[in-house]
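J.: Using only what follows, build the 3D model:
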Amino acid sequence: MSDISLALTNCARAVEEKLDELLPTVHTPEGEVVDAMRYSALGGGKRLRPFLVTETAKLFDVEKTYAVQVAAALEMVHCYSLVHDDLPAMDDSDLRRGQVTVHKKWDDATAILAGDGLLTEAFAVIADPMTHPDMAIRLKLISGLAAAAGAKGMVGGQMIDLSPSRANLDLEGITRLQALKTGALIRYACEAGAILGNAKAEEHRALSLYAEDIGLAFQIVDDLLDHEATPEETGKPTGVDSDAGKATFVGQLGLENARKKAHELIDSAKSRLDIFAGKAQLLRDTATFIVERRS
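T.: Numbers count the residues shown, from 1 in each chain. A predicted model of the protein is given here:
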């Protein structure tokens with residue numbers, strides 16, 4: 001197993017354990033929604049965003065328990081977005097991470113409440129003094145996550161994705177859409193490590209720019225996989241965006257130019273990390289992993 005694969009696996013295990021601790025089973029009537037929350041949050045996945053939190057935090061020698069706590073909270077927000085994204089009113093998907101989606105296993109109402117629960121609980125986790133003893137740090141983490149997840153971030157991107165004009169977006173429009181929908185949480189993941197570590201302004205900016213590059217590359221690779229991969233590889237339906245007539249990077253650039261653009265972004269992302277020298281090697285490897293992934 002490569003260093004990056006092992007690091008991702010170890011981080012995923014630590015975050016799974018933390019999520020299991022933060023979302024204990026409840027044996028009362030409301031326990032049904034907790035079961036749905038656990039089903040989504042503990043359902044596997046790459047855990048890329050949590051990994052970016054923990055790995056950027058290492059650059060500043062942040063206590064591991066603090067980073068894992070923030071990583072788990074961010075993963076709650078990501079999982080909430082997936083639960084809602086899969087609903088019939090949005091992307092209407094029956095499969096996620098190789099298993100049936102929450103609204104198919106339960107129903108639409110339970111899925112909506114499970115997503116609401118995960119989103120709300122995430123902020124309670126970050127507000128907890130166990131996340132960091134410095135209240136000012138916790139407030140920065142809270143406000144940053146709210147911005148990344150809200151109308152100026154992921155939710156705004158989702159709205160553009162659902163709008164009637166979605167099919168007619170040009171390359172600039174698609175880039176902005178994905179910077180909000182996908183990129184905002186990835187950027188927060190990297191900035192959270194900088195916040196936890198009281199990074200210098202130039203260090204914070206370097207990680208933010210790195211995140212913007214890999215976030216856009218991540219979405220371009222998603223578009224490539226939507227055309228080239230199988231549902232068995234990705235763990236979810238493929239061909240969805242093209243079948244729906246949505247404008248994509250592949251549609252705008254073609255397969256080869258989209259692949260070339262993704263590699264250019266990854267090269268740029270790696271150069272952003274020069275300020276950290278050898279301490280950032282795993283983050284460079286993460287960039288490579290993003291462009292080479294098959295799921």
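
J.: Could you list the low-confidence segments of the chain?
T.: The chain contains residues with pLDDT under 70 at 1, 229, 233-234, 239, 242-243.

J.: wait, what's in contact with the residue nearest the centre of it?
T.: By CA atoms, centre = their mean, the chain has its centre lying nearest to residue 49, at 4.7 Å. Contacts for residue 49 (CB atoms under 8 Å, 6 or more residues apart in numbering) come out as 71, 74-75, 78, 185-186, 189. (Glycine included, C-beta is placed from N, CA and C.)

J.: Go through the residues you listed and flag which are in strands.
T.: If you go by DSSP state E, the contacts of residue 49 have nothing in strands.

J.: Pipe those residues into a markdown table and attach neighbour count and distance to residue 256 per row.
T.: Below are the contacts of residue 49 laid out as a markdown table (neighbours: other CB atoms under 10 Å; distance: CB to CB, whole Å):
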| residue | neighbour count | distance to residue 256 |
| --- | --- | --- |
| 71 | 29 | 35 |
| 74 | 28 | 34 |
| 75 | 29 | 34 |
| 78 | 23 | 30 |
| 185 | 25 | 29 |
| 186 | 27 | 25 |
| 189 | 29 | 30 |
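
J.: And the strands in the chain?
T.: Using DSSP E, strands in the chain cover 95-96, 99-100.

J.: Count the residues that sit near residue 57.
T.: 25 (other CB atoms under 10 Å).

J.: scratch that, residue 143
T.: The number of residues packed near residue 143 is 11, by other CB under 10 Å.

J.: thinking again about what came up before, now do the contacts for the closest residue to the residue nearest to the centre of the chain other than its chain neighbours.
T.: Leaving aside its sequence neighbours, residue 49 sits nearest to residue 189 (CB to CB, 6 or more residues apart in numbering; 4.4 Å). Residues near residue 189 by CB under 8 Å, 6+ apart: 48-50, 52-53, 56, 71, 74, 211.

J.: Nearest to residue 11 among those residues?
T.: Closest to residue 11 out of these is residue 50 (6.0 Å), distances taken as CB to CB.

J.: which ones are touching the closest one?
T.: By CB under 8 Å, 6+ apart, the contact set of residue 50 is 11-12, 15, 68, 71-72, 74-75, 189.

J.: Counting only helices, which of these make the cut?
T.: Counting by DSSP state H, the contacts of residue 50 place 11-12, 15, 68, 71-72, 74-75, 189 in helices.

J.: What distance do you get for the nearest residue to residue 248 once chain neighbours are set aside to residue 101?
T.: Using CB to CB, 6+ apart and skipping residues adjacent in sequence, the residue nearest residue 248 is residue 223, 4.5 Å away. Remark: distance between residue 223 and residue 101 (CB to CB, to the nearest Å) = 21 Å.

J.: Now do the contacts for the nearest residue to residue 14 once chain neighbours are set aside.
T.: Spatial nearest neighbour of residue 14, excluding adjacent residues (CB to CB, 6+ apart): residue 68 at 5.4 Å. Residue 68 makes contacts with 14-15, 18, 50, 54, as judged by CB under 8 Å, 6+ apart.

J.: can you pull out the helices in the stretch 151-295 of the chain?
T.: Counting by DSSP state H, counting those that start in this stretch, the stretch 151-295 of the chain has helices at residues 154-162, 171-181, 183-196, 201-228, 231-234, 240-243, 249-253, 255-272, 281-292.

J.: Of all those, which one is nearest residue 95?
T.: helix 231-234 (6.8 Å).

J.: thinking again about what came up before, same list, the contacts of residue 50, but as CSV with distance to residue 25 please.
T.: Below are the contacts of residue 50 laid out as CSV (distance: CB to CB, whole Å):
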residue, distance to residue 25
11, 24
12, 21
15, 18
68, 21
71, 22
72, 17
74, 22
75, 18
189, 28
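
J.: List just the nearest of those residues to residue 132.
T.: Residue 132 lies nearest to residue 68 out of the contacts of residue 50, by CB to CB, at 11.9 Å.

J.: what's the nearest residue to residue 51 if we skip its chain neighbours?
T.: The spatially closest residue to residue 51, leaving aside those adjacent along the chain, is residue 11, at 4.5 Å (CB to CB, 6+ apart).

J.: Count the neighbours of that neighbour for me.
T.: The local packing of residue 11 (other CB under 10 Å) involves 22 other residues.

J.: What of the one 4 residues further on?
T.: Per other CB under 10 Å, the neighbour tally for residue 15 reads 25.
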